[in-house]
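**Student:** Generate coordinates for the sequence data below:
(one chain, ligands or ions: 1)
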Amino acid sequence: MAKSTHFETLAVRTQTARTAQKEHSTPLFLTSSFMFDDAEDMRALFADEKEGNIYSRFTNPNNSELVEKMNLLEGTETGLTTATGMAAVFTTFAALLNTGDHLLSCRSIFGSTHSVITKLLPKWHISHSYVDINKPETWQAAVKKETKLLYVETPSNPGIDIIDLEWLGKFSKKNNLILIVDNCFATPYLQQPVKYGADIIIHSATKYLDGQGRVMGGTINGCKKFVDPIKLFARHTGPSLSPFNAWIISKSLETLAVRMDKHSENALKLAKWLEKNKEVELVKYPFLPSHPQYAIAKKQMSAGGGIVTFIVKGGVERGRKFMDALKMCSISANLGDTRTIVTHPASSTHAKLTEAERLEAGILPGLVRISVGLEHIDDIITDVEQALKTSK
Ligand SMILES: Cc1ncc(COP(=O)(O)O)c(C=O)c1O
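**Tutor:** Have a look, this model is predicted:
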């Protein structure tokens, strides 16, 4: 059979070479190190004269399977896995940026990524500028001769802002920037930024790639030119993913397509329902025509994904009361789970930001983020409806 190019088949059928045990499902390679045939074999592997596993901090069959699968799904050349999504973000920055370099990003990014950019990178004299995601015409003025890297999330967490990837690819090429996209909210099933010229794709595999709220993980995939130095950096500094977690995440990718279809279907239904509710001021979801970047979302995403945000009338207090009134939906810090999870960013994930920083990132006091799960949509709506009523 000719090799399939279909997403679903690649996600299911990409697998480590079968061992002598003739197992059907990929086994777990829980081993710290690997054997060499002889001293010459060991020398040649360490000298990079041949490929093979040496030590699980460098590579491991479970991690290699996950990397290969992600390369096929994202359309990238090479990659590596990391212990968490933040390890993926930090390892990428640390490997590619040097003292004196400048990074360009949007304020609309995940809280810990914001902390790395604003609190940690300055330790090594790496500076940054934030540009307004909704005003691309202002971006050129923010590019300096030291600007090396452009980092974006689309859709962003938790603002659900969307950037035109086609425009972004051209902009980064024109300015000779390394374009990094955190594709965590969309996943490669809904959006492949590489098609538009992204150089590196980052994921918190903790989210939809695992999809069942079990393990932490991160992935970095992209072109060899930029990812090979990150691999070398990771080999020496050790942010590696445990083989067990790699095994879980790779297995989960087999169901990514069906899960993302259902997450998106449920989320769109909930978003439409919320838009009609009188207790709700504003609903943001990529595939709602009211989303400011609806046309762009339609152009670059095949569905809207599983995250919906809304502003409940009554500010922070009402937001907290709403969460306390939920009976089925979980109050938890994660997203991308089979279970519907509700968070109130202003009092939790983004509480360490100043009020001004929160507003700049679009995090209003009453903003509620729902990671819409795979329960029956009627049950999700019933729970949200009763919580809106009782929190009045
Ligand atoms: C968009 C985005 N990027 C990165 C991360 C960090 O991932 P992790 O929690 O796996 O370190 C998160 C976590 O919520 C996220 O939402």
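**Student:** Contact residues of the chain facing the ligand?
**Tutor:** Contact residues (CB under 6 Å from any ligand atom) of the chain with the ligand: 84-86, 110, 112, 153, 157, 182, 184, 204, 206, 216, 218. Any C-beta I mention is one placed from the backbone N, CA and C, and that applies to glycine too.
**Student:** Tell me which entries of these lie within strands.
**Tutor:** Of the residues of the chain next to the ligand, the ones assigned to strands by DSSP state E are 153, 182, 204, 218.
**Student:** hmm, which two among the residues of the chain next to the ligand are most spread apart?
**Tutor:** 153 and 216 (18.3 Å; CB to CB).
**Student:** Settle it for me: which of those two has more neighbours?
**Tutor:** Shown here are residue 153 and residue 216; by other CB atoms under 10 Å, residue 153 has more neighbours (25 against 19).
**Student:** May I have the residues that are in contact with residue 12?
**Tutor:** residue 254 (CB atoms under 8 Å, 6 or more residues apart in numbering).
**Student:** Would you mind measuring from it to the ligand?
**Tutor:** Separation of residue 12 from the ligand (CB to the nearest ligand atom, to the nearest Å) stands at 24 Å.
**Student:** Please name the residues that touch residue 310.
**Tutor:** So residue 310 contacts 274, 280, 281, 282, 283, 284, 367, 368, 370 (CB under 8 Å, 6+ apart).
**Student:** will you turn the residues you listed into JSON lines that also has neighbour count?
**Tutor:** Shown next, in JSON lines, are the contacts of residue 310 (neighbours: other CB atoms under 10 Å):
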{"residue": "274", "neighbour count": "26"}
{"residue": "280", "neighbour count": "18"}
{"residue": "281", "neighbour count": "14"}
{"residue": "282", "neighbour count": "15"}
{"residue": "283", "neighbour count": "21"}
{"residue": "284", "neighbour count": "24"}
{"residue": "367", "neighbour count": "25"}
{"residue": "368", "neighbour count": "25"}
{"residue": "370", "neighbour count": "23"}
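**Student:** Secondary structure and pLDDT for those - can I get that in a markdown table?
**Tutor:** Putting the contacts of residue 310 into a markdown table (DSSP: H, G, I helix; E, B strand; the rest coil; pLDDT from 0 to 100) gives the following:
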| residue | secondary structure | pLDDT |
| --- | --- | --- |
| 274 | helix | 98 |
| 280 | strand | 95 |
| 281 | strand | 93 |
| 282 | strand | 94 |
| 283 | strand | 97 |
| 284 | strand | 97 |
| 367 | strand | 92 |
| 368 | strand | 94 |
| 370 | strand | 97 |
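**Student:** Now for these: which two are most distant?
**Tutor:** 281 and 370 (15.0 Å).
**Student:** Dump stretch 9-24 to PDB, restricted to CA.
**Tutor:** C-alpha atoms of stretch 9-24 as PDB (Å, rounded to 0.1, in the frame of the first residue of the first chain):
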ATOM      1  CA  THR A   9      -3.900   7.300   9.100                       C
ATOM      2  CA  LEU A  10      -0.600   8.900   9.900                       C
ATOM      3  CA  ALA A  11      -1.700   9.500  13.500                       C
ATOM      4  CA  VAL A  12      -2.700   5.900  13.900                       C
ATOM      5  CA  ARG A  13      -0.200   4.000  11.800                       C
ATOM      6  CA  THR A  14       3.100   5.700  12.600                       C
ATOM      7  CA  GLN A  15       4.900   3.400  15.000                       C
ATOM      8  CA  THR A  16       8.300   2.200  16.200                       C
ATOM      9  CA  ALA A  17       9.700  -0.800  14.300                       C
ATOM     10  CA  ARG A  18       8.200  -4.000  15.600                       C
ATOM     11  CA  THR A  19      10.400  -6.000  18.000                       C
ATOM     12  CA  ALA A  20      11.000  -9.800  17.900                       C
ATOM     13  CA  GLN A  21       8.000 -10.100  20.200                       C
ATOM     14  CA  LYS A  22       5.700  -9.100  17.300                       C
ATOM     15  CA  GLU A  23       3.700  -6.800  19.500                       C
ATOM     16  CA  HIS A  24       0.800  -5.000  17.900                       C
END
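**Student:** Good, we can wrap up now.
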